[in-house]
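1. I need the structure of the sequence given here:
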Amino acid sequence: MTSASVSRRRALAAGLGVVAAAVPAGCTQDVGPVRRLRFATGPEGGPYNAFGTALAKAVAGSGSRLAIVPVGTAASVDNLRRLQDGSVELALAMADAAQDAVLGREPFSRPSAAVTALARVYVNYTHLVVPAEGPVRSLSDLAGRPVAAGAAGSGVQVVAGRLLRAAGLTGERAVTERRLGLAASVTALREGTVDALIWSGGVPTPALSTLAGELPLRFVPLEGQVSALRERYGPVYTAVTIPAGAYGLTEPVGTIGVGNYLMARADVPEGAVREVLQVVFDRWRVLLREVTAGARLEPRFAISTAEVPLHPGAVAYYRSVYD
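-> Numbers count the residues shown, from 1 in each chain. Okay, the predicted model is just below:
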């Protein structure tokens, strides 16, 4: 190895919070230094936090010389900003927010080359939830009403805002958007301080299942907005169906799907990325168990990251799988 190569490796190690020199790619020895990777997840008790905690445990039990350190955050937008500023090495983010970061669209001020994808790990379902006995039966009925529309810095905030604009709920017909996380949104709907909540997550989302056992709910169909969102923002939005049986539903409900990406800074070494992905694909059933029911993770699905480029280490991993 040349002296220049050694210098580059040392520089990368310092930037990634390594406690000692990096492990060579593919190394599985039992002794040696550990590389710490900080992982921006989401609020405690949320699906991103559950995934991050499960991944940290899976990596710790895999024999890898990596250590994943989950970091609690406000979720997608916050996570992407942390990737950009280098305060974390890994993150989860919704596909629409990740694409905005790469392209430099609002709420991001400029395109980011630091943001890359490792895998599309599962799909979020957009939930528009209202009391079954309330006045809201369609998206347009939200005009002028208070709506829990996602916490500041979350991916829910992004998709909720776009959904409301696509439905023409602006100007005199604008809703009053309350910046609330999931737990606070559920409380507000239960107490009647909002007329609806918007959530984007796996099915079933446990907090909504609990609420459905306490309060008769209506899940408002949203599939009519998919084409408008795709036309403006691209294929990050898809038509999906909340199945009958979830939340006690007697019929399926069409809605908007948004992928979730496992992401990394572009300067994370390729060997570390390959090790992370090996654990993800070996242990995906455990990782997704607390996040969304019935999901599968396969390479042909995972590489669909739209405008967000795959990390070179991810490209190498998928090539090794297909070869």
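
2. tell me the buried residues in the helix or strand hosting Gly161?
-> Using DSSP states H and E, Gly161 maps to helix 155-166. Using 16 or more other CB atoms under 10 Å as the test for burial, helix 155-166 gives 155-164, 166. For every residue, glycine as well, the C-beta is placed using N, CA and C.

3. could the residues you listed go into TSV alongside distance to Arg65 and pLDDT?
-> Below are the buried residues of helix 155-166 laid out as TSV (distance: CB to CB, whole Å; pLDDT from 0 to 100):
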residue	distance to Arg65	pLDDT
Gly155	32	94
Val156	36	96
Gln157	37	95
Val158	36	96
Val159	38	97
Ala160	41	97
Gly161	42	96
Arg162	42	96
Leu163	44	97
Leu164	47	97
Ala166	47	95
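
4. tell me the SS of Ser227?
-> helix (DSSP: H, G, I helix; E, B strand; the rest coil).

5. one more: Tyr122?
-> Under three-state DSSP, Tyr122 comes out as strand.

6. got the contact list for it?
-> Residues near Tyr122 by CB atoms under 8 Å, 6 or more residues apart in numbering: 202, 259-260, 288, 291-292, 295, 297.

7. and it, what pLDDT?
-> Predicted confidence (pLDDT) for Tyr122: 95.

8. measure Thr205 to Ala212 for me?
-> According to CB to CB, to the nearest Å, Thr205 and Ala212 sit 10 Å apart.

9. what's the answer for Thr41, then?
-> 26 Å.

10. one more: Leu262?
-> Leu262 sits 29 Å away from Ala212, going by CB to CB.

11. how about the strands of the stretch 1-150 of the chain, start to end?
-> Using DSSP state E, counting those that start in this stretch, the strands of the stretch 1-150 of the chain run over 35-40, 66-71, 90-94, 115-131, 146-148.

12. do the stretch 201-323 of the chain as well
-> For the stretch 201-323 of the chain, strands defined by DSSP E, counting those that start in this stretch occupy the ranges 217-219, 237-242, 253-265.

13. any chance of the ones you listed in a markdown table, plus mean pLDDT, distance to Phe301 and mean neighbour count?
-> Output for the strands of the stretch 201-323 of the chain, formatted as a markdown table (pLDDT from 0 to 100; distance: least, CB to CB, whole Å; neighbours: other CB atoms under 10 Å):
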| stretch | mean pLDDT | distance to Phe301 | mean neighbour count |
| --- | --- | --- | --- |
| strand 217-219 | 98 | 25 | 20 |
| strand 237-242 | 97 | 12 | 19 |
| strand 253-265 | 98 | 9 | 24 |
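
14. between these, which one is closest to Ala114.
-> Counting by CB to CB, Ala114 lies closest to strand 253-265 out of these; the figure is 5.3 Å.

15. centre of the chain to stretch 80-94, how far?
-> 12 Å (CA atoms, centre = their mean, to the nearest Å).

16. before we move on, what about stretch 38-47?
-> On CA atoms, centre = their mean, the centre of stretch 38-47 falls 10 Å from that of its chain.

17. quick one: contacts of it?
-> 17, 48-49, 51-53, 55-56, 68-75, 78-79, 82-83, 87-92, 151, 154, 181-183, 201-202, 205, 290-292.

18. quick one: buried residues of stretch 218-235?
-> Neighbour-count burial for stretch 218-235, counted by 16+ other CB under 10 Å, picks out 218-222, 225-226, 228-229, 233.

19. so what's the residue lying closest to Met263 once chain neighbours are set aside up against?
-> Spatial nearest neighbour of Met263, excluding adjacent residues (CB to CB, 6 or more residues apart in numbering): Ala91 at 4.7 Å. Applying CB under 8 Å, 6+ apart to Ala91 gives the contacts 39-41, 79-80, 82-83, 262-264.
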